[in-house]
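Peer 1: next come a sequence and a model predicted from it.
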There are 2 protein chains.
Amino acid sequence: MKEGPDIALVAASFGEPARANMLLALMSGMALTATELAREAGVTPATASGHLSKLDAAGLTLCEKQGRHRFYRLADPDVAHAVEALVTVAARVGHMRTRPGPRDEAMRHARSCYDHLAGHLAVDLFARWSKAGVLKSLDDRVDLTERGYGVLADRGIDLTQLAKSRRPLCRRCIDWSERRHHLGGGIGAAVLSLALANGWAQRKDKSRVVSFTPPGEKAFVEWYSI
Amino acid sequence: MKEGPDIALVAASFGEPARANMLLALMSGMALTATELAREAGVTPATASGHLSKLDAAGLTLCEKQGRHRFYRLADPDVAHAVEALVTVAARVGHMRTRPGPRDEAMRHARSCYDHLAGHLAVDLFARWSKAGVLKSLDDRVDLTERGYGVLADRGIDLTQLAKSRRPLCRRCIDWSERRHHLGGGIGAAVLSLALANGWAQRKDKSRVVSFTPPGEKAFVEWYSI
DNA sequence: TTCATAATTCGCTCGTGACCAAAGTATTTA
DNA sequence: TAAATACTTTGGTCACGAGCGAATTATGAA
């Protein structure tokens, strides 16, 4: 007997409908919460929690805790590659499953994450501000640079009022649709309310979707560009 | 709910230690018998039979019946690719299994398959004779061409005596080590006995291994070359 | 023919694991 | 502070399937 990779353990992790559905849902690259994955898999949150523990233990997923949410994503490209290979075989053989429909495309464009702006605009903003030296990332923390204070003041964000709040001024927040970090915390909330106040965007009913008007999007991008 | 590939069904086929061991054993490309796979997997033939039915049903393996043997091999490169992807993930995560040692290298070089010659020399012979028009393949059948009769007569194979035997004159036979077809049937047996009679090769004890002496191998290749 | 080997099918036991409801923990909101 | 939400843990049921031995079928060898 010799040593070799234990393919069975890994394959068994894929080989259960609930877990397979979760992994396929994660193939979009989005980080999903435990509850969302439960819905995708068609099981209760309790069952999903057990499955997610197994996936984590098997090293197939990574979990990022964020407030009362836990965002799961595929551990690395190798895992995604394995899923793809299995999909290829399954498709060739003709085995099909029922699968939840595609996500609402509008949700991918711009969302509000609780009370701050998310979506690809928010990700872009975060990336630009990081690059421009407005924000400074350190591990999980994100802080405003000195220059950042000035930049925000110029753009009508009242920092003195924000500082009084107990919530952290800056925080990274995984974006659902873009799966990259964007700006949460007090500034994120302030940016969103500013965009809403200026009429650049508006909430749709009670959903989390935030729609920018075409001129509003243009104005917003101009606003946050350095 | 929409249609999609059922990855779970395929993955579950991999996700059982016995089946995983079988598939890994087949990754060498060799076609293995049910009993051999049972030994590889560490289960009884009865259990192995059930697993092999499942693998066949899942489209992961193909089975070729041959006498009282059933040779199994991976269905196609996609399956091998999926196994590789799973191995990659398993290895990265560090999950290891116990695995049977490598096969006897001597067995790969030349074997006798019941009573006819197998191994890479036999495969080479089969390929050359096919190319030279001595043999003509049609589906599973292999027949001697008219020219083939002459070629064999020149080389000391008595066809009239062979024709009296009930067994088919020519038959393809999967080679274990080379996984390609070689020549079975009466001619295959005759070739082997000729090689043994000429002292080019000899059986080792009661095993199926046939060893060619270096000059014997040379003479044998010369003999079957057109 | 009779015997041996390869493989399958059958009947059965037993362990694993998927599942849910309910209770518990943590975190945010009000 | 209390209430709501997200998630986990616990306890329990239940079904699937892996495993084996024995009997059966099929093929090859003597």
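Peer 2: Cool, got the structure. Everything numeric in this text was worked out from a predicted model, so none of it was measured. Residues are numbered from 1 along each chain as shown, chains lettered A, B, ... in the order given.

Peer 1: for DNA strand D, what are the nearby residues on chain A?
Peer 2: By the rule Cβ under 7 Å from any atom of the strand, the part of chain A lying against DNA strand D is A:33-36, A:45-46, A:48-50, A:52-53, A:63, A:68-70. To be clear about C-beta, it is placed using only N, CA and C from the backbone, and glycine gets the same treatment.

Peer 1: just the buried ones from these?
Peer 2: A:T33, A:A34, A:E36, A:A48, A:S49, A:L52, A:C63, A:H69, A:R70 (16 or more other Cβ atoms under 10 Å in any protein chain shown).

Peer 1: and A:A190, how many neighbours?
Peer 2: 23 (other Cβ atoms under 10 Å in any protein chain shown).

Peer 1: circling back to that earlier point, the buried ones among the residues of chain A next to DNA strand D in helices, which ones?
Peer 2: Using DSSP state H, the members of those that fall in helices are A:A34, A:E36, A:A48, A:S49, A:L52.

Peer 1: with pLDDT and distance to B:V151 added, can I get the buried ones among the residues of chain A next to DNA strand D in a markdown table?
Peer 2: Converted to a markdown table, these look like this (pLDDT from 0 to 100; distance: Cβ to Cβ, whole Å):
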| residue | pLDDT | distance to B:V151 |
| --- | --- | --- |
| A:T33 | 89 | 73 |
| A:A34 | 93 | 72 |
| A:E36 | 88 | 71 |
| A:A48 | 95 | 69 |
| A:S49 | 95 | 72 |
| A:L52 | 95 | 68 |
| A:C63 | 89 | 70 |
| A:H69 | 84 | 77 |
| A:R70 | 89 | 74 |
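
Peer 1: where does pLDDT dip in chain A?
Peer 2: A:1-5, A:28-30, A:93-120, A:137-143, A:158-186, A:189, A:203-210 (pLDDT under 70).

Peer 1: in it, which helix is the longest?
Peer 2: Counting residues, the longest helix in chain A under DSSP H turns out to be helix A:77-93.

Peer 1: what's that one packed up against?
Peer 2: On a contact count with 3 or more Cβ pairs under 8 Å, 6 or more residues apart in numbering or on different chains; DSSP states H and E, helix A:77-93 meets helix A:7-14, helix A:17-26, strand B:2-5, helix B:7-14, helix B:77-93.

Peer 1: in that helix, what counts as buried?
Peer 2: Neighbour-count burial for helix A:77-93 [16+ other Cβ under 10 Å]: A:78-91, A:93.

Peer 1: the helices in chain A, which residues?
Peer 2: Residue ranges of the helices in chain A, as given by DSSP H, are A:7-14, A:17-26, A:34-41, A:45-57, A:77-93, A:105-109, A:120-131, A:146-154, A:159-164, A:185-197, A:214-224.

Peer 1: deepest in the core, which of those is it.
Peer 2: Ranked by mean neighbour count, the helices of chain A are led by helix A:7-14 with a mean of 25 (mean count of other Cβ atoms under 10 Å in any protein chain shown).

Peer 1: so is that one next to chain B?
Peer 2: Yes. Counting by Cβ under 8 Å from any Cβ of the partner chain, chain B has neighbours in helix A:7-14: A:I7, A:A8, A:L9, A:V10, A:A11, A:A12, A:S13, A:F14.

Peer 1: possible to save these as JSON lines with distance to DNA strand C?
Peer 2: What follows is the residues of helix A:7-14 next to chain B, written out as JSON lines (distance: Cβ to the nearest atom of the strand, whole Å):
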{"residue": "A:I7", "distance to DNA strand C": "15"}
{"residue": "A:A8", "distance to DNA strand C": "10"}
{"residue": "A:L9", "distance to DNA strand C": "9"}
{"residue": "A:V10", "distance to DNA strand C": "13"}
{"residue": "A:A11", "distance to DNA strand C": "12"}
{"residue": "A:A12", "distance to DNA strand C": "7"}
{"residue": "A:S13", "distance to DNA strand C": "8"}
{"residue": "A:F14", "distance to DNA strand C": "10"}
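
Peer 1: and chain A, what are its domains?
Peer 2: Chain A is divided into the following domains under automatic domain parsing: A:7-102, A:107-224.

Peer 1: tell me the contacts of A:A12?
Peer 2: In this structure, A:A12 makes contact with B:A11, B:A12, B:F14, B:G15, B:E16, judged by Cβ atoms under 8 Å, 6 or more residues apart in numbering or on different chains.

Peer 1: then A:H51?
Peer 2: A:E16, A:A18, A:R19, A:M22, A:A41, A:V43.

Peer 1: what's the spacing between the fifth one and A:V87?
Peer 2: Remark: distance between A:A41 and A:V87 (Cβ to Cβ, to the nearest Å) = 17 Å.

Peer 1: next one: the second one
Peer 2: When distances are taken as Cβ to Cβ, A:A18 and A:V87 turn out to be 17 Å apart.

Peer 1: for the first one, same thing?
Peer 2: When Cβ to Cβ is the yardstick, A:E16 and A:V87 sit 16 Å from each other.

Peer 1: what about A:D56, distance to A:R73?
Peer 2: The value you get for A:D56 to A:R73, if Cβ to Cβ is used, is 11 Å.

Peer 1: DNA strand C contacts on chain A?
Peer 2: So chain A meets DNA strand C at A:12, A:16-18, A:43-44, A:46-47, A:50-51, A:54, A:67-68, A:114-115, A:167 (Cβ under 7 Å from any atom of the strand).

Peer 1: could you rerun that using 6 Å?
Peer 2: With Cβ under 6 Å from any atom of the strand as the criterion, chain A meets DNA strand C at residues A:E16, A:P17, A:A18, A:V43, A:T44, A:A46, A:T47, A:G67, A:R68, A:Y114.

Peer 1: next up, the contacts around the nearest residue in space to the fifth one that is not next to it in sequence.
Peer 2: Counting by Cβ to Cβ, 6 or more residues apart in numbering or on different chains, the nearest residue to A:T44 once its immediate chain neighbours are dropped is A:A38, at 6.4 Å. Counting by Cβ under 8 Å, 6+ apart, A:A38 makes contact with A:T44, A:P45, A:T47, A:A48, A:S49.

Peer 1: and A:A48, by the same measure?
Peer 2: Contacts of A:A48 (Cβ under 8 Å, 6+ apart): A:A18, A:M22, A:A34, A:T35, A:L37, A:A38, A:A41.
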